[in-house]
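> here's a sequence, model it:
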Amino acid sequence: MSGGPDIYHEMIVDYSRNPINYGEIENHDVTFHDSNPLCGDSIDIDMKIDDNKVTDIKFHGKGCAICMACTSVLTEITKGKSLDDVRKIEKNDVLSELGLEHLQAVRIKCALLSLKVLKSALYTYLGSNLDDKTGIDTLKTDAENLY
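Got it, this is the predicted structure:
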């Protein structure tokens, strides 16, 4: 995106005031919750998965402007993707959409909480559908070590 830092600031404010994909999915296939006790951000992500694709994704909770904006962007990036593609989403995929690549360390957990929740939800779903359950701990460790 172009337009300088002001456009990113406006996007963050807009996403935080008008989050995309905010709500709950009643008959979700997987849900996951996590929070950042340092700042009070708290996010739940619900996903509907059909034919190894995320057909619907919603989030609810509360958080600072950066947390809400990043969660909105992440749900937009995720919707319609295959589970393999979702596994490949990285922090810069979210941060670059909002011009947050050089975010201060103190705010990185705000920005990446939703990615941690998404990966944990995905790994929970995959783990519950694995024939060989030995890989579940590896999947959870990957999610826990995002930042």
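> buried residues in the longest helix along the chain?
Scanning the chain for the helix with the most residues, using DSSP state H, yields helix 105-128. If you call a residue buried by 16 or more other Cβ atoms under 10 Å, then helix 105-128 has these buried ones: 109-127. The way it works is simple: take the backbone N, C-alpha and C, and place the C-beta from them, glycine included.
> before we move on, what about stretch 28-46?
Of the residues in stretch 28-46, those buried under the neighbour-count criterion (16+ other Cβ under 10 Å) are 28-32, 34-36, 39, 41-46.
> low-confidence stretches in this structure?
Under the criterion pLDDT under 70, the flagged ranges of the chain are 1-8, 130-147.
> which residues of it fall in helices?
If you assign secondary structure with DSSP H, the helices in the chain sit at 4-17, 65-78, 83-87, 91-95, 105-128, 136-144.
> to Asn52, which of these lies closest?
Asn52 sits nearest to helix 83-87 of all the helices of the chain, at 4.9 Å, using Cβ to Cβ.
> list the buried residues for the closest one?
For helix 83-87, the buried set under the neighbour-count rule, 16+ other Cβ under 10 Å, comprises 83, 86.
> name the residues that touch that helix?
Contacts made with helix 83-87 from outside it, assessed by Cβ atoms under 8 Å, 6 or more residues apart in numbering, are listed as 49, 52-54, 78, 118-119, 122, 125-126.
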